[in-house]
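S.K.: For reference, the sequence and a predicted model appear below.
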Amino acid sequence: MDAKMLESIKNYDLKVTEYYNMSKGFVSCWNNRGIEDYLMWKNYATSVGVCIVSTIHHFIASFKTIEFSKYDVFAAEVRYRNFQRDDSPIDMVFTKSEHFSGESEFRFFFVPKVDNSPNTKYINLKYDSNVMVDYVILSPFIKKDTSRAIIDMLKSKFDIKAYQSSIRIK
């Protein structure tokens, strides 16, 4: 076996290992448009969906340092293009088909530094909602009485301001 082939196999093994490690990661997706979008509500929210309005700085600052220290954290705007054969695993996390370019998405990707639970489907990071959340917008599809109850609950339990969507559904 020649040196070039050995190097190719070694690189392939590294890529497989990197893909495996990345597959243990968790993604937090955010819209970066700054305005409400009917299609985002329609595609991603149920009749009781909410939109958390925050900033990248507030998101990061809201986590306890001990929580963040358990993960390698990557953050970037999503690139909208077709996937390439030579995309790295991290490229794939931050790439989405160009058909979704209207979403203007920003992602955080958390990869555990220690893999203790191979079948974990989600993680629960401790955070300060008063630091993370600027305010909440409720789905335009929420019934008015449910909307009022959620707004009251967010205010009384968490001191978070919430508003009904400005999008009017007929």
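M.R.: Nice, thanks for sending it over.

S.K.: where along the chain do the helices fall?
M.R.: Applying DSSP state H to the chain gives helices spanning 3-22, 38-44, 56-61, 65-68, 89-93, 129-132, 144-158.

S.K.: For the fifth one, list every residue counted as buried.
M.R.: Residues of helix 89-93 classed as buried under the neighbour-count rule (16 or more other C-beta atoms under 10 Å) are Pro89, Val93. To be clear about C-beta, it is placed using only N, CA and C from the backbone, and glycine gets the same treatment.

S.K.: Can you tell me which helices and strands that helix packs against?
M.R.: For helix 89-93, the elements it packs on are helix 3-22, strand 105-112, judged by 3 or more C-beta pairs under 8 Å, 6 or more residues apart in numbering; DSSP states H and E.

S.K.: Mean pLDDT lowest where, among these?
M.R.: Among the helices and strands packed on helix 89-93, helix 3-22 carries the lowest mean pLDDT, a mean of 51.

S.K.: Please tell me how far the closest residue in space to Tyr71 that isn't next to it in sequence sits from Tyr44.
M.R.: In space, and not counting its chain neighbours, Tyr71 is closest to Phe110: 4.2 Å by C-beta to C-beta, 6 or more residues apart in numbering. The spacing between Phe110 and Tyr44, counted by C-beta to C-beta, to the nearest Å, is 20 Å.

S.K.: Of those two, which one has the most company?
M.R.: Shown here are Phe110 and Tyr44; by other C-beta atoms under 10 Å, Phe110 has more neighbours (21 against 14).

S.K.: residues touching Ser129, list them.
M.R.: By C-beta atoms under 8 Å, 6 or more residues apart in numbering, the contact set of Ser129 is Ser62, Phe158, Ile160.

S.K.: Just the buried ones out of these, please.
M.R.: With burial judged by 16+ other C-beta under 10 Å, the buried subset of those is Ser62, Ile160.

S.K.: I'd like the contacts of Ser129 written out as JSON lines, with distance to Val48 and pLDDT added.
M.R.: What follows is the contacts of Ser129, written out as JSON lines (distance: C-beta to C-beta, whole Å; pLDDT from 0 to 100):
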{"residue": "Ser62", "distance to Val48": "23", "pLDDT": "89"}
{"residue": "Phe158", "distance to Val48": "17", "pLDDT": "92"}
{"residue": "Ile160", "distance to Val48": "16", "pLDDT": "95"}
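
S.K.: Save the contacts of Ser129 as CSV, and put in distance to Ser147 too.
M.R.: Output for these, formatted as CSV (distance: C-beta to C-beta, whole Å):
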residue, distance to Ser147
Ser62, 25
Phe158, 16
Ile160, 14
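
S.K.: Isn't Ser166 up against Ile35?
M.R.: No - between Ser166 and Ile35 there is no contact under C-beta atoms under 8 Å: 9.2 Å.
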